[in-house]
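> sequence and predicted model, in that order:
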Amino acid sequence: MDTRVEQPQQVDQTTQVGRSIPRLEGRSKVTGAAEYIHNLRLPGMLYGKIVRSSIPHGRIRAIDASAARALGGVHSVITGEDVRRLIPDPYYGPAFLDQPILALEKVRYAGEPVAVALASDPHVAEQAASLITADYEELPAVFDEVEAVHSKAIVHEELKPAGTFPDLKHFKGRKNTNV
């Protein structure tokens, strides 16, 4: 076994280390001329504000967006049902298509998007979002991984239990659990 330790090569001259590097954007930043995405304005541009669920698990009884839609400057308010009319199967996800673009029938975590207000001004979009109300029937929720392992609650009833997806053999799950 070779126990020699190689010494790093000595470099006489570096190209960047120890030197000031001119910042190409520096002048525009200190003079206030720099453009930031937040200040970008495009023709016909709208601002969106997402309304999120206030409970961790529940059935959506109703979403009332009438006050938001009546607000001046509001282009539209979109809910999960509106999305479903445009996209019959409005789900996405990295491994399973199990996440709705906006909640449909149920919310499965606190903060799940349930609606979006679109307006010509960001402040109007925020005001419109604050006027949208959602009525939920609360359902039991699972709050930690130990409870999830021992729980009979299935997070997504409409999906097959873990371990039954033939095209995802690389995922190993426990049958009839959330794990």
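Looks like it arrived, so ask away.

> mind giving me the domain split of this protein?
Listed by automatic domain parsing, the domain ranges of the chain are 44-141, 142-179.

> and these, which is most packed in?
Mean neighbours per residue, mean count of other C-beta atoms under 10 Å, is largest over these for domain 44-141, with a mean of 16. From N, CA and C alone the C-beta is placed, and that goes for glycine too.

> mean confidence for that one?
Here the mean pLDDT over domain 44-141 is 94, rounded to a whole number.

> can you give me the end-to-end distance of that domain?
With C-alpha to C-alpha, to the nearest Å as the measure, domain 44-141 spans 42 Å from end to end.

> distance from that domain to the middle of the chain?
12 Å (C-alpha atoms, centre = their mean, to the nearest Å).

> from here on, count from 51
Got it, the first residue is 51 from now on, which makes the last one we talked about domain 94-191.

> mind checking the SS state of Glu197?
Per DSSP: H, G, I helix; E, B strand; the rest coil, the secondary structure class of Glu197 is helix.

> mind pulling up the pLDDT for it?
pLDDT for Glu197: 80.

> quick one: what helix or strand has the closest residue to Ser104 other than its chain neighbours in it?
Here the nearest residue to Ser104 in space, its sequence neighbours aside, is Ala160; by C-beta to C-beta, 6 or more residues apart in numbering that works out to 6.9 Å. With the criterion set as DSSP states H and E, no secondary-structure element contains Ala160; it sits in neither a helix nor a strand.

> need the strands for this structure, in chain order.
In the chain, strands defined by DSSP state E lie at 97-102, 108-114, 124-129, 141-142, 149-150, 156-157, 163-169, 183-188, listed in chain order.

> what would those look like in TSV with distance to Arg77?
Below are these laid out as TSV (distance: least, C-beta to C-beta, whole Å):
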stretch	distance to Arg77
strand 97-102	30
strand 108-114	49
strand 124-129	38
strand 141-142	42
strand 149-150	44
strand 156-157	49
strand 163-169	35
strand 183-188	49
